[in-house]
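Peer 1: next input, structure requested:
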Amino acid sequence: MEERMPNAHQLEHMEPNQRFEFSETNPTMADIEKSIPLYINNLTFNQDYLRVNHTTYRLTLIRKPTGGQPLLAAYLRDNANGGIKYDLDEFGMRDHTAEVIMMPGDIYFESPGQMAVEEDSDEKMEKEEKLLEGLRVAYQTTLSADLKATIDGIEAKVLPWKCRLENKEPPFETAVLVTRREGDGESKWVEDRFKKLYEAKKTLLYKFFGGRPTVIVEKLDVSKAGGVLRLPAGLKLRVGYLTVGANVASILNSLEPILDHQSFPMKKLTVMIGAELLDPVNYEHEILRNAKILQLVNSNYPIDSVDWLPVILEIVNPRLEVNGILLSATQLLCLIDKWIEDGRPIGRSAIIGVYGREVVSDLFDVLRDRQGVVTKVLEPRPFPEMFMIPISAASALRVECDYTMASSGTSRLCLHLMVVHDN
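Peer 2: Now for the predicted structure:
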């Protein structure tokens, strides 16, 4: 019996990766499938991979021998380890031009702190070639595995250099390896039609997202996207929750043209903080300041290595969430005083991860002795007191502390601030 094709309603509610496969295996239905709205729960654009919900696609370059010559040992290891993450030129050297080519639809993300890769000079490579001769002689007597690994590495660098000097092709060709991972399952296939990663990435992203109406994305993560993102021209994403790196202004300025107007104001903007966030051009960006929820997450620095308080004091979003930042009782008191001084409006709130019960104890000792502060005792909990600090005749800042369940499933001690009606 002939298998029935899904109707439009079924396609709309089909898991995105299944829809991609459906279009691939049913090309006559591809235009119809693409005309139907696409909904994605989690979309991640990473420098090295694309993740759609729970499925990850990774594109790498592998070398294949030509002319009857075997691949060098280092190249075989590269292939065995899943390929390399960059393109090669006609001589087999790293192709830096491929990393800056811009095509219609592409957007560029700066990579903070990324060091430029310097090519080895001819003089250095000549020394490497002479060194290689001596190492090969030494290996014949020692058969050292470490020495063999060193020889393999030098051979892999010298070969493309010699090809460039002699203006000849290397004894290998390139192809793109596609790795698709979902849960514990993984599939791989080689795309021989592509010799360059940037071309393959462009084709893959067009196949997934090109020619569609606005794609609805609940959560988009570009916090580790760097370099050129190979998007199809005309792509529009309607995003609810967005995660970015610390170079907020650069990322948002690059991303804004592909975000549908209904993405604003952002429901939630998460910033993976770094030194760049200390620059006002980042924490004062309009999209950041207008987000309904702003979450600052530190996953890269020791919690006490940087003073983030100057940034936190300037945050005016309706809700602020802070995780992974060590704030002392004095700093938390400074934040509370700032909110009172500014007269934050009713409804403004913050939840701040606290590291150490003594921080809360010291803070509450100060608040307890303040004139005009109303103290209430709530149900039994580690810190049962709740403080109401007057802001105006009609509003007060409520301060309390309790354990809160984190997204990871673990509970953490948090300070809660909220501006409420003063009854």
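Peer 1: only C-alpha atoms for contact and neighbour calcs from this point on.
Peer 2: Noted.
Peer 1: how is the protein divided into domains?
Peer 2: 56-203, 242-322, 327-423 (automatic domain parsing).
Peer 1: need the winner for burial among these.
Peer 2: Highest mean neighbour count of the domains of the chain: domain 242-322, a mean of 18 (counted as mean count of other Cα atoms under 10 Å).
Peer 1: pull the contacting residues for residue 352.
Peer 2: Neighbouring residues of residue 352 by Cα atoms under 8 Å, 6 or more residues apart in numbering: 320-323, 414-416.
Peer 1: still on that earlier bit, any chance of JSON lines for the domains of the chain, columns distance to residue 28 and mean pLDDT?
Peer 2: JSON lines is the format used below for the domains of the chain (distance: least, Cα to Cα, whole Å; pLDDT from 0 to 100):
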{"stretch": "domain 56-203", "distance to residue 28": "18", "mean pLDDT": "91"}
{"stretch": "domain 242-322", "distance to residue 28": "28", "mean pLDDT": "94"}
{"stretch": "domain 327-423", "distance to residue 28": "42", "mean pLDDT": "91"}
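Peer 1: which other helices and strands contact the host helix or strand of residue 30?
Peer 2: Per DSSP states H and E: residue 30 is located in helix 30-35. With contacts defined as 3 or more Cα pairs under 8 Å, 6 or more residues apart in numbering; DSSP states H and E, helix 30-35 has these neighbours: helix 16-25.
Peer 1: which residues touch the helix it packs on?
Peer 2: So helix 16-25 is contacted by 11, 29-30, 33, 38-40, 52, 55, 207-208 (Cα under 8 Å, 6+ apart).
Peer 1: quick one on the thing from earlier: out of the domains of the chain, which is closest to residue 217?
Peer 2: Of all those, domain 242-322 sits nearest to residue 217, with 9.4 Å by Cα to Cα.
Peer 1: just the terminal-to-terminal distance for that closest one.
Peer 2: 16 Å (Cα to Cα, to the nearest Å).
Peer 1: and stretch 399-416, by the same measure?
Peer 2: 6 Å.
Peer 1: from residue 198, how far out is the nearest residue to residue 215 once chain neighbours are set aside?
Peer 2: Spatial nearest neighbour of residue 215, chain neighbours left out: residue 237 (4.9 Å); criterion: Cα to Cα, 6 or more residues apart in numbering. Taking Cα to Cα as the measure, residue 237 falls 22 Å from residue 198.
Peer 1: roughly how far does residue 156 sit from residue 164?
Peer 2: 13 Å.
Peer 1: likewise residue 282?
Peer 2: When distance is defined by Cα to Cα, residue 282 is 43 Å away from residue 164.
Peer 1: show the pLDDT at residue 240.
Peer 2: Listed pLDDT for residue 240 reads 97.
Peer 1: CA atoms only for the host helix or strand of residue 339, dumped as CSV, please.
Peer 2: Taking DSSP H and E as the definition, residue 339 sits inside helix 329-342. Output in CSV follows, covering the C-alpha atoms of helix 329-342 (Å, rounded to 0.1, in the frame of the first residue of the first chain):
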residue,chain,number,x,y,z
ALA,A,329,26.7,42.1,51.8
THR,A,330,28.0,45.6,51.3
GLN,A,331,27.5,45.3,47.5
LEU,A,332,24.0,43.9,47.9
LEU,A,333,23.2,46.8,50.2
CYS,A,334,24.6,49.2,47.6
LEU,A,335,22.2,47.7,45.0
ILE,A,336,19.2,48.0,47.4
ASP,A,337,20.1,51.6,48.1
LYS,A,338,20.4,52.3,44.4
TRP,A,339,16.9,50.9,43.7
ILE,A,340,15.4,53.1,46.5
GLU,A,341,17.3,56.2,45.3
ASP,A,342,16.1,55.7,41.7
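Peer 1: what's it packed up against?
Peer 2: helix 309-313, helix 357-368.
Peer 1: residues in contact with the shortest one?
Peer 2: Residues outside helix 309-313 that contact it (Cα under 8 Å, 6+ apart) are 277-278, 283, 327, 331, 335, 338.
Peer 1: what strands line up against the next helix or strand after it, and which way round?
Peer 2: Downstream of helix 309-313, the next assigned helix or strand under DSSP H and E is strand 319-323. Applying DSSP bridges, strand 319-323 is found paired with strand 293-297 (parallel), strand 349-353 (parallel).
Peer 1: part of a helix, is residue 403?
Peer 2: No. According to DSSP: H, G, I helix; E, B strand; the rest coil, the state of residue 403 is strand, so it is not within a helix.
Peer 1: pretty sure it is touching residue 384, no?
Peer 2: No. Using Cα atoms under 8 Å, residue 403 is not in contact with residue 384; the gap is 11.5 Å.
Peer 1: so residue 401 makes contact with residue 380?
Peer 2: No. When contacts are counted by Cα under 8 Å, residue 401 is not listed as touching residue 380 (12.0 Å).
Peer 1: quick one: the contacts of helix 309-313 as JSON lines, columns for distance to residue 395 too.
Peer 2: Shown next, in JSON lines, are these (distance: Cα to Cα, whole Å):
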{"residue": "277", "distance to residue 395": "31"}
{"residue": "278", "distance to residue 395": "31"}
{"residue": "283", "distance to residue 395": "27"}
{"residue": "327", "distance to residue 395": "26"}
{"residue": "331", "distance to residue 395": "23"}
{"residue": "335", "distance to residue 395": "17"}
{"residue": "338", "distance to residue 395": "15"}
